[in-house]
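1. prediction below, plus the sequence it came from.
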Amino acid sequence: MKPTNSLERVLAVLEVFSEERLEWTPEDLMRELGYSRPTLYRYLKILKDAGFLMSTRYSGVTLGPKVVEMDYLTRRSDPLVLHGVPYLKELTAAYSCTAMVLRWYGNKILCVASESSTKNPISSYPRGRPMPLGRGAIARSIMALLPRPRLVPLIERNLADLRSVGLGDTAADVLKSLKKVRKAGFAVAYGEVTPGAVGIAAPVFDDRHYPNASVCVTIAGTLVTGAQIDEIGAEVRRVALQISANQATVRQKSDA
């Protein structure tokens, strides 16, 4: 969807930055976004003055220090981080693993906090690196608890990835697979996101009991048996439910 107002058009400049493209020249931005030169330069000035962009030595622009400042503030204010980290420490004390809290937004899942108790952490997605919604235990743990009207469009949008990991050839097949996840209370995936790693994830709910995040443990497949995976799954589910309850309690106190 193309931006329709000035604010959306300014934000669209930030949206083009990605892991694959960290720096842009004004000429490339004009081609990518379709903005006129005066319009683009006006937006670049606004974003540079606010610290969201900065110039590079080769007449390009990249993300600026305001992004770093806001990341620091997010760590201090995000309830998933504040309530989640102590529980991640519990999980990493019990198992040689990486434990994460991940937030879902749009068609992405983003790690917001992680802890590790292994020398060589098994995770391809540290804090801030978005992962796709169609692969891995984390995505399934969230999708399985979504209401059907919200879930079906997500399945259809990500069907190619979901099919590639064996969840089914059609949306109906995927719905059946996700029903099993919903019944178990946690999802398990083998090497779908990081080769050699088992992902075990359970959903976190907001105060309306809507899944908006996930707790996940990633552990080397050589370290766990099927019975141990079930044990870890139960612990991950317990932690996810506790974080959910803590978030709801904080919301109730703020509304009082």
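-> Yep, that arrived. Residues are numbered from 1 along each chain as shown.
2. how about the strands in the chain?
-> 53-55, 61-63, 98-105, 108-116, 130-132, 187-190, 197-205, 211-220 (DSSP state E).
3. return the most buried member of these.
-> Each of the strands of the chain was scored by mean neighbour count; the highest is strand 197-205, a mean of 27, by mean count of other C-beta atoms under 10 Å. The way it works is simple: take the backbone N, C-alpha and C, and place the C-beta from them, glycine included.
4. quick one: that strand to strand 211-220, angle?
-> Here strand 197-205 runs at an angle of 160 degrees relative to strand 211-220 (axes from the mean of the first three to the mean of the last three C-alpha atoms, to 10 degrees).
5. chain center to strand 197-205, what's the gap?
-> Centre-to-centre, strand 197-205 and its host chain are 12 Å apart (C-alpha atoms, centre = their mean, to the nearest Å).
6. direction included, what does that strand pair against?
-> Looking at strand 197-205 with DSSP bridges, its partner strands are strand 187-190 (antiparallel), strand 211-220 (antiparallel).
7. that one - what's its average pLDDT?
-> Averaged over strand 197-205, pLDDT sits at 94.
8. go on, stretch 134-151?
-> 90.
9. ok, back up a step: tabulate the strands paired with strand 197-205 in CSV, adding columns for distance to Y95 and mean pLDDT.
-> Formatted as CSV, the strands paired with strand 197-205 follow (distance: least, C-beta to C-beta, whole Å; pLDDT from 0 to 100):
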stretch, distance to Y95, mean pLDDT
strand 187-190, 14, 92
strand 211-220, 6, 93
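10. nearest to L47, out of those?
-> When these are compared by C-beta to C-beta, strand 211-220 sits nearest L47, at 28.5 Å.
11. so the closest one versus strand 108-116, what angle?
-> 50 degrees.
12. least trustworthy helix or strand in this protein by mean pLDDT?
-> strand 130-132 (a mean of 81; mean pLDDT, DSSP states H and E).
13. contact partners of it?
-> Residues outside strand 130-132 that contact it (C-beta atoms under 8 Å, 6 or more residues apart in numbering) are 102, 107-111, 124-125, 138-139, 158, 161, 193.
14. likewise for stretch 169-177?
-> 140, 148, 151-152, 155-156, 159, 162-163, 167-168.
15. of all these, which two lie farthest apart?
-> R148 and R163 (19.4 Å).
16. for the strands of the chain, give me a markdown table that also has distance to A245.
-> Formatted as a markdown table, the strands of the chain follow (distance: least, C-beta to C-beta, whole Å):
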| stretch | distance to A245 |
| --- | --- |
| strand 53-55 | 40 |
| strand 61-63 | 36 |
| strand 98-105 | 15 |
| strand 108-116 | 18 |
| strand 130-132 | 26 |
| strand 187-190 | 20 |
| strand 197-205 | 9 |
| strand 211-220 | 13 |
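17. which one, of the ones you listed, ends up nearest to Y72?
-> It's strand 108-116; of the strands of the chain, that one is closest to Y72 (C-beta to C-beta) at 13.1 Å.
18. many thanks, we can stop here.
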